[in-house]
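Enquirer: quick check, what structure comes out for this input:
(chains A and B, ligands or ions: 1)
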Amino acid sequence: MRKIFVVLTLFTAFVLALAACGGAAPAPSGETVTVKETVVVTVEVPVAGSPAAPAVVAPAGYGVTLETVKARGNLICGVNSQVPGFGYVDADGNFAGIDVDYCRALAAAIFGDASKVEFRPVTAAERFTALQSGEIDILSRNTTWSLVRDTELGGNFVHTTFYDGQGMMVPADSGLTTLEDLEGGTICVQTGTTTELNLSDVMASLGVSYTPAVFEDADATFAAYAEGRCDAVTTDKSGLVSRRSVLPDPSAHVIMDVTMSKEPLGPMVRHGDDQWFDIAQWTVFAMFAGEEFDITSANVDDVKANATAPEVRRLLGLEGDLGLKLGLTNDFAYNIIKLVGNYEEVYNRNLGPDTPTYIPRGLNSLYTEGGLLYAPPFR
Amino acid sequence: MSRDEQQKTTIPFWRDERILRFLGQIVFVLFVLFVGALIYQNMKAGLAKQGITLSYSFFNGVSGFDIAETAFPYDRNSTYWQAFLVGLANTLSVGVVGIVFATILGVILGVARLSTNFIINRLAAFYLELIRNLSLLVFLIFWYLGVFLKLPRVKEAIIWPGDIILTNRGVGIPWGIPTASFPTFRLILIFGLILAVIVFFALRAYGQRTGRAPLTLLWSILTFILVGLLGWIILPEKPLTLDLPLVKGLNLSGGKILSPEFMALTSGLVLYTAAFIGEVVRAGIQSVSKGQVEASRALGLNAFQTLRLVVFPQALRVIIPPLTSQYLNLVKNSSLAIAVGYPDVFYVSNTIQNQTGRAVEMISLVMVTYLAISLFTSLLMNWYNQRIKLVER
Ligand SMILES: N[C@@H](CCC(=O)N[C@@H](CS)C(=O)NCC(=O)O)C(=O)O
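Expert: Residues are numbered from 1 along each chain as shown, chains lettered A, B, ... in the order given. Okay, here's the model as predicted:
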């Protein structure tokens, strides 16, 4: 009897509590807590008067991410932890790689401090959910731009940072040289990737039958390949070069001279915040432009002191207010180049001839050198 | 008596404990519904904010990916729904194979644990202790990377007597391929099954009438085997031809090829779950008091009869409920397949979720699927438990 009243009282209290937080906005519960937290912050810090607010009416969500990141004091970046040269943890326990350096560049643009990043390793299968749910602010993890991902997966790709294609790696002594040689064989591949879909597409159109052996992450995929579970392993060519460097005997494996697909890899942001998209996008362009105008982390201070060319002056924030338009400070591009480097520096640091993961620049050269890197004008 | 009744009727309903209890239940249900609705509402609002709506219509789209092990025809032109079913069939086959072998091994372990032979007893105890203190995930990965992938390459395959081929591409075992007379043979088998059931009930009735319990199950199984054998012999064409595995090109072919993923997953699950079943069996047997055994011996039953007629029936009552939960554990643990790359229902759903972005839909579907498998298993086991329960008079 008495117990029932206790229960009833508790219940009433509970309902009232729930109703209280349920009143204004839907109550946070379960998985979505992180998202909600993000929203709450913006409600408390109105962005209406921010200098970057454009004259046009901003849709809901505009500017939310930047405010959240600033309020938190760091950027949360979803990265790879298993692909040397792109995203991995080096011998000293630091994250390194071209995708990782992009995150640092973004932090430099926002905070003027490239170390204000928290890296969250995500697997191929987790990455889009992590982005959608707001667990990460941006995804920078050798992710291929595709239509479904741009729409249904709830994100937008900013400009490609690495043009790639899918390849196939086999043991050097296997004598396999073409995809047709793999008839009846087993191929190791990672789940949740464009790779597994391309493999199916290409083999079906060649009429080659094969058995897939599908794994959850790169470590498992390449461990199985190294054990001889598969005749071949497939992923982005960059991924192959990178993972080959950490195989027990790298020279015992060759990458076939075939390209199975187009894999434009680049950072991805959530739908619904165009300001954040612009910031992410122009961070990439600032790195391209740095290379184009020969501005490096070493000479950027000199260039800044003596610059006369108008576009260079605008890029470095000496003229105009380009940074302010993005909601950043005017020297955002200067900070990127000074603290992280231009595209060439970042590329050479991670994928250059002196690294174990050397990949010739190929398509990833400036347009002036026959590549595809082309930054729109800074004006 | 009548005073009591009068008193009862005069209690106002808000102090009537039965009504209050009932109301309490209703309030609780409402509370649960309320919280559920709140969560759902919140989730929908959150998803709507990201422009995501919930729908299963994507399930009819073309999947575009291949799956290594399929119980029925499936290719990249099949739908997501078919891919899901392929995964489900794989989960069920691991579950059934796993339960059968884990039970056999578990019973052996449980009995060995009680053996008076010191070495057998200690060995079993050591095994149980070892396994129960291991992490299943580590154990599975050990079986995959440490055992099945460490087998020699196809070219240096190990061949065991009985045409069993061991390679790191899989284990090939001889397998029967149905011939033209197989449908007839199947009919004969069905007939044998019916006959076995009849024998079973007839013998049981006989036992109850005479008080002498015959070996009911043994005889009915023998009946079935006998009919099957007869059918095999009298049919002009053998219903199954033996297909031997052999090495062909890059891979194994012929016979039945069990992939390293399947082998690692089932061996891991079986050896792991068997340890727990062993403990359950031991506890069950020990729960039957010594006096029972002594009494039946005094009545003139021999050791085997004592086990069969006195100890086991009573031990089963103690064994079945925890055994059920071990079976459920095995099925649920099979979702660790993802760690060794075996395409079970969880794995395939993960792939679908990742290729379509339908996280909420796929996760709820997977949860409902496991719930359904578990409830069904429990239902079966409860029904069995009900049947063997002590009838108290
Ligand atoms: N670019 C492809 C494939 C990217 C991918 O996931 N590659 C694998 C193989 S190199 C990888 O990075 N795995 C690392 C991991 O799962 O942590 C995609 O976006 O789907």
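Enquirer: now B:Val32: how far from B:Leu323?
Expert: Computed as Cβ to Cβ, to the nearest Å, the B:Val32 to B:Leu323 distance reads 31 Å. In short, each C-beta sits where N, CA and C put it, glycine included.
Enquirer: of these two, who's got more company?
Expert: Comparing B:Val32 with B:Leu323 by other Cβ atoms under 10 Å in any protein chain shown, the one with more neighbours is B:Leu323, at 23 against 10.
Enquirer: now do the helix or strand hosting the more buried one: everything it contacts.
Expert: Using DSSP states H and E, B:Leu323 sits in helix B:312-333. Outside helix B:312-333, the residues that touch it by Cβ atoms under 8 Å, 6 or more residues apart in numbering or on different chains are B:91, B:95, B:98-99, B:102-103, B:106, B:136, B:269, B:272-273, B:276-277, B:280-281, B:283-285, B:287-288, B:292, B:370, B:373-374, B:377-378, B:381-382, B:384-385, B:388-390.
Enquirer: what comes up buried for it?
Expert: B:312, B:314-320, B:322-324, B:326-331, B:333 (16 or more other Cβ atoms under 10 Å in any protein chain shown).
Enquirer: stretch B:14-31 now?
Expert: By neighbour count on 16+ other Cβ under 10 Å, the buried set for stretch B:14-31 is B:Leu20.
Enquirer: who's in contact with A:Ala309?
Expert: With Cβ under 8 Å, 6+ apart, A:Ala309 has these contacts: A:Phe293.
Enquirer: now check stretch A:343-357, is it near the ligand?
Expert: No - applying Cβ under 6 Å from any ligand atom, one finds stretch A:343-357 separated from the ligand by no less than 11.4 Å.
Enquirer: give the rounded mean pLDDT of that stretch.
Expert: Across stretch A:343-357, pLDDT averages out at 95.
Enquirer: and what of stretch A:140-158?
Expert: pLDDT averaged over stretch A:140-158 gives 92.
Enquirer: any idea how many residues pack against A:Asp249?
Expert: Count around A:Asp249 with other Cβ under 10 Å applied: 10.
Enquirer: what's the burial count for the closest residue to B:Ser63 other than its chain neighbours?
Expert: Leaving out its chain neighbours, the residue that sits closest to B:Ser63 by Cβ to Cβ, 6 or more residues apart in numbering or on different chains is B:Ala83, at 4.6 Å. With neighbours defined by other Cβ under 10 Å, the count for B:Ala83 comes to 27.
Enquirer: swap in the one 3 residues further on?
Expert: Using other Cβ under 10 Å, the number of residues around B:Val86 comes to 24.
Enquirer: who's in contact with A:Thr128?
Expert: You called it Thr, but residue A:128 is Phe. A:Leu139, A:Arg149, A:Leu153, A:Gly154, A:Gly155, B:Asn354, B:Gly357.
Enquirer: following element in sequence after the strand or helix carrying it, please.
Expert: Per DSSP H and E: A:Phe128 is located in helix A:127-132. Counting by DSSP H and E, the next helix or strand C-terminal to helix A:127-132 is strand A:138-139.
Enquirer: quick one: low-confidence ranges for chain B?
Expert: B:1-9, B:49-52, B:250, B:390-393 (pLDDT under 70).
Enquirer: find the nearest non-adjacent residue to whichever residue of it sits closest to chain A, please.
Expert: Ranked by Cβ to the nearest Cβ, the top residue of chain B for proximity to chain A is B:Asn354, at 3.5 Å. Leaving aside its sequence neighbours, B:Asn354 sits nearest to A:Gly192 (Cβ to Cβ, 6+ apart; 3.5 Å).
Enquirer: next, the distance between the ends of stretch A:301-313.
Expert: Terminal residues of stretch A:301-313 lie 12 Å apart, using Cα to Cα, to the nearest Å.
Enquirer: got the phi/psi numbers for the residue of the stretch 201-350 of chain A at minimum distance from the ligand?
Expert: Here the residue of the stretch 201-350 of chain A nearest the ligand is A:Gly239; by Cβ to the nearest ligand atom that distance is 2.8 Å. Note on A:Gly239: backbone dihedrals following degrees, to the nearest 10 are phi -60, psi -40.
Enquirer: secondary structure element for the residue of the stretch 251-393 of chain B found nearest the ligand?
Expert: As assessed by Cβ to the nearest ligand atom, the ligand sits closest to B:Asn354 within the stretch 251-393 of chain B, at 9.0 Å. Assigned by DSSP H and E, B:Asn354 belongs to helix B:345-356.
Enquirer: domain boundaries for the chain, per the record?
Expert: Answering for chain A, as no chain was given. A:3-44, A:64-163+A:265-369, A:166-261 (automatic domain parsing).
Enquirer: oops, chain B please
Expert: Per automatic domain parsing, the domain ranges recorded for chain B read B:3-49, B:80-134+B:263-388.
Enquirer: tell me which of the ones you listed is the most buried.
Expert: For these, ranked by mean neighbour count under the definition mean count of other Cβ atoms under 10 Å in any protein chain shown, the leader is domain B:80-134+B:263-388 at a mean of 18.
Enquirer: now do the same end-to-end measure for stretch A:353-367.
Expert: OK, stretch A:353-367 end separation, Cα to Cα: 21 Å.
Enquirer: outside of that stretch, which residues touch it?
Expert: Residues external to stretch A:353-367 that are found in contact with it (Cβ under 8 Å, 6+ apart): A:84-85, A:162-163, A:237-238, A:241-242, A:245, A:250, A:288, A:291-292, A:347-352, A:371-374.
Enquirer: switch the cut-off to 6 Å
Expert: For stretch A:353-367, the surrounding residues in contact (Cβ atoms under 6 Å, 6 or more residues apart in numbering or on different chains) are A:84-85, A:162-163, A:238, A:241-242, A:245, A:292, A:351, A:371-374.
Enquirer: work out for me the element the closest residue to chain B within chain A sits within.
Expert: At 3.5 Å from chain B, A:Gly192 is the closest residue in chain A, using Cβ to the nearest Cβ. Using DSSP H and E, A:Gly192 maps to neither a helix nor a strand.
Enquirer: list the residues that contact A:Thr130.
Expert: Wrong residue type there; residue A:130 is Ala, not Thr. A:Gly78, A:Val122, A:Ile136.
Enquirer: check whether the helix or strand where the first one lies contacts the ligand.
Expert: Here A:Gly78 is covered by strand A:75-79, with elements defined by DSSP H and E. No - contact of strand A:75-79 with the ligand (Cβ under 6 Å from any ligand atom) is absent, the minimum separation being 9.3 Å.
Enquirer: stretch A:252-267 now?
Expert: Yes - using Cβ under 6 Å from any ligand atom, stretch A:252-267 reaches the ligand at A:Glu263, A:Leu265.
Enquirer: what does that stretch contact?
Expert: A:138, A:140, A:142, A:144-145, A:157-158, A:160-169, A:171-172, A:179, A:198, A:202, A:236, A:240, A:244, A:280.
Enquirer: got the contact list for B:Val348?
Expert: Neighbours of B:Val348 in contact, by Cβ under 6 Å, 6+ apart: B:Ala83, B:Gly87.
Enquirer: next one: stretch A:73-85 to chain centre, how far?
Expert: Relative to its parent chain, stretch A:73-85 has a centroid offset of 8 Å by Cα atoms, centre = their mean, to the nearest Å.
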